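A.B. asks: Provided below are the primary sequence and the corresponding predicted coordinates.
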Amino acid sequence: MASMEQYDFLVLGSGEAGKYLAWSMASKGHRTALVERRWIGGSCPNIACLPSKNVIHSAKVASYMFRAREFGLHVENGSIDMAGVRARKRLMVDGLVTMHLDNFRNSGAELILGHGRFTAPKTIEVTTDTGTTRTLTAPKIILSTGSRATIPSIPGLYESQPLTHIEFLELDHIPEHLIVLGGGYIGLELAQAARRFGSRVTVLERNARLAHREDHDVTDLLHKLCAREGIEIITETTIDTITGLSGDHVTVHATRNGAPFQIEGSHLLAATGRTPNTENIGLDLTGVDLGPKGDIQVNDRLETTAEGIWAVGDCAGSPHFTHIAFDDHRIIRDNLAGGHRSTSDRLVPFCLFTDPEFARVGLSETEAREQHIPYRLAKIPMFAVLRTRTVSETEGFMKALIATDSDRILGFTAFGIDAGEVIAPVQLAITQGIPYTVLRDSTFTHPTIAEGLTVLFGRPLTTPKP
Ligand SMILES: Cc1cc2nc3c(=O)[nH]c(=O)nc-3n(C[C@H](O)[C@H](O)[C@H](O)COP(=O)(O)OP(=O)(O)OC[C@H]3O[C@@H](n4cnc5c(N)ncnc54)[C@H](O)[C@@H]3O)c2cc1C
Ligand SMILES: NC(=O)c1ccc[n+]([C@@H]2O[C@H](COP(=O)([O-])OP(=O)(O)OC[C@H]3O[C@@H](n4cnc5c(N)ncnc54)[C@H](O)[C@@H]3O)[C@@H](O)[C@H]2O)c1
């Protein structure tokens, strides 16, 4: 048996929060090791956020190529080279991995490549990539094992070998007809990219509307955008069985409003949600309890039910965003230094990176109504923001919910070009309690999308009916 190696701090999985904690603890002089089985730096830089946005940007450039005449340009025989799209993405990922390796080296955190699992409450056994076994122990352990694409138990789905986002982002050819299961974040972002590269695309969604929890003006626009780009959306769909093989020929047998139908395609993409990576890692030996969906149970300080073990990011059921996992790291880092930080009441901004983007921070109108919170509304179409006209991207709107008893901003939605950027100043106003009138009276650079905030907040506010 391998001898036990003693550390001050161990991290299982190099997800966003785990890696930052490892670097931070090691920099402070604690003997720290991080165990990672495949992706140096976790999903975000390797197979998720950054590579998907890289490929989505290539799809945006492709859309410009097809719109070239609108900009007064002639592009003769423009075509897509998916191997080239993939090469650009791979180059970026390689650079990010190098950056991560530098961070491990500079911080002094030891990176151990291999699969880790608990063999005792504070003991992790690692089967390393070189085939050896190491046994590590520490009084403080962080679980940062992330999540993976859910493959629902639909008959024939697993056997059809569907693409997940990982394989999709590695394609070197354009699928002839991509069928996407799930019209959520991954489904919509990648459906639009595939369509812009030239695939026929069908999205099958079980709910009646895309992004069904969002306000109707948002979902209406999402449906309109998909229709305009030629993406077929079939909602209220129950998928019954799948036959065939993705990459060759695949048939989805489904039902809608009691009527059976079939869709045939060349490729299938599973984008129906995430499953936490919490099985088969010996958590039953640690006293770490799981919730009903397999997430690690944590309190608002991200402490698990086992003393000295914390869980962060997707595996802990934190909202599945990299910026939230990053904040998880700050909470534990600061609490270990004597602070009192918690996950309660933190804002969770998000951006769906379709083109145009849809981003929100704070309350939607639906949420305000559900919570019986009265509000005043400011809303403008994006074409009222003059920047959008200079770039021929006028689709969408911005809206803000403002309290009725004060000038506090309760929520902000932007659906339009650069939506993900323009929510940031409004988020700052919300967290700092800055009244909307300050944004209204600010002088923002002309012509920018942020300048639209002065237009939005300068409009007379309306009071929607409850
Ligand atoms: C396609 C896609 C696009 C996304 N786009 C965005 C976006 O634009 N913006 C955004 O905010 N979020 C986005 N997300 C979500 C975001 O990627 C995650 O919420 C975020 O990366 C947090 O993950 P994590 O840190 O919890 O774990 P991960 O980054 O998944 O890391 C967990 C790591 O643990 C390793 N691991 C697991 N078990 C073991 C074990 N037993 N031994 C050793 N290692 C192990 C895994 O290999 C992995 O590297 C996207 C997700 C996907 C899938
Ligand atoms: N831009 C971003 O920040 C970004 C991008 C990608 C992913 N993510 C994160 O990753 C998570 C996972 O993304 P995702 O798209 O896999 O999940 P999701 O929860 O966003 O969407 C899954 C969709 O699949 C549908 N669905 C589930 N089972 C189905 C079935 N059997 N048949 C038909 N439809 C079905 C759901 O109704 C839902 O609309 C997201 O929740 C998000 O937190 C974020």
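C.D. replies: Alright, I've got the coordinates. Ligands and ions are numbered 1, 2, ... in the order given.

A.B. asks: Report the rounded mean pLDDT for stretch 38-54.
C.D. replies: Stretch 38-54 shows a mean pLDDT of 98.

A.B. asks: is that stretch anywhere near ligand 2?
C.D. replies: No. Stretch 38-54 does not reach ligand 2 (Cβ under 6 Å from any ligand atom); its nearest approach is 6.6 Å. For the C-beta atoms, the positions are set from N, CA and C on the backbone; glycine is no exception.

A.B. asks: just use 47 as the starting number from now, easier for me
C.D. replies: Sure thing, new numbering starts at 47, so read that last one as stretch 84-100.

A.B. asks: How about that stretch and ligand 1, touching?
C.D. replies: Yes. Judged by Cβ under 6 Å from any ligand atom, stretch 84-100 comes into contact with ligand 1 through 84-85, 88-90, 94-95, 98-99.

A.B. asks: can you tell me which of these are in helices?
C.D. replies: Here DSSP state H is the test, and the residues of stretch 84-100 next to ligand 1 give 89-90, 95, 98-99 as lying in helices.

A.B. asks: Would you convert these into JSON lines that also reports neighbour count?
C.D. replies: Below are those laid out as JSON lines (neighbours: other Cβ atoms under 10 Å):
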{"residue": "Ser89", "neighbour count": "26"}
{"residue": "Cys90", "neighbour count": "23"}
{"residue": "Cys95", "neighbour count": "17"}
{"residue": "Ser98", "neighbour count": "21"}
{"residue": "Lys99", "neighbour count": "16"}
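
A.B. asks: returning to what we had before: which among the residues of stretch 84-100 next to ligand 1 gets closest to Ser70?
C.D. replies: Checking the residues of stretch 84-100 next to ligand 1 against Ser70 by Cβ to Cβ gives Gly88 as the nearest, at 15.6 Å.

A.B. asks: Test my guess that that closest one contacts Glu62.
C.D. replies: Yes. Judged on Cβ atoms under 8 Å, Gly88 makes contact with Glu62 at a distance of 5.9 Å.

A.B. asks: shared neighbours of these two, which are they?
C.D. replies: Common neighbours of Gly88 and Glu62, counting by Cβ atoms under 8 Å, 6 or more residues apart in numbering, are Ser190.

A.B. asks: Relative to ligand 2, which residue of this structure is the closest?
C.D. replies: Gly230 (1.7 Å; Cβ to the nearest ligand atom).

A.B. asks: what separates that residue from Pro185, distance-wise?
C.D. replies: 39 Å (Cβ to Cβ, to the nearest Å).

A.B. asks: any idea how this protein splits into domains?
C.D. replies: 50-195+321-382, 204-318, 402-504 (automatic domain parsing).

A.B. asks: Quick one: end-to-end distance for the first one.
C.D. replies: Terminal residues of domain 50-195+321-382 are spaced 25 Å apart (Cα to Cα, to the nearest Å).

A.B. asks: Distance from it to the middle of the chain?
C.D. replies: 13 Å (Cα atoms, centre = their mean, to the nearest Å).

A.B. asks: Next: the shortest one.
C.D. replies: Averaging C-alpha coordinates over domain 402-504 and over its chain gives two centres that are 22 Å apart (Cα atoms, centre = their mean).

A.B. asks: closest to Phe372 among the residues of stretch 84-100 next to ligand 1?
C.D. replies: Lowest distance from Phe372 to the residues of stretch 84-100 next to ligand 1 (Cβ to Cβ) belongs to Cys90, with 9.4 Å.

A.B. asks: Noted, bye for now.
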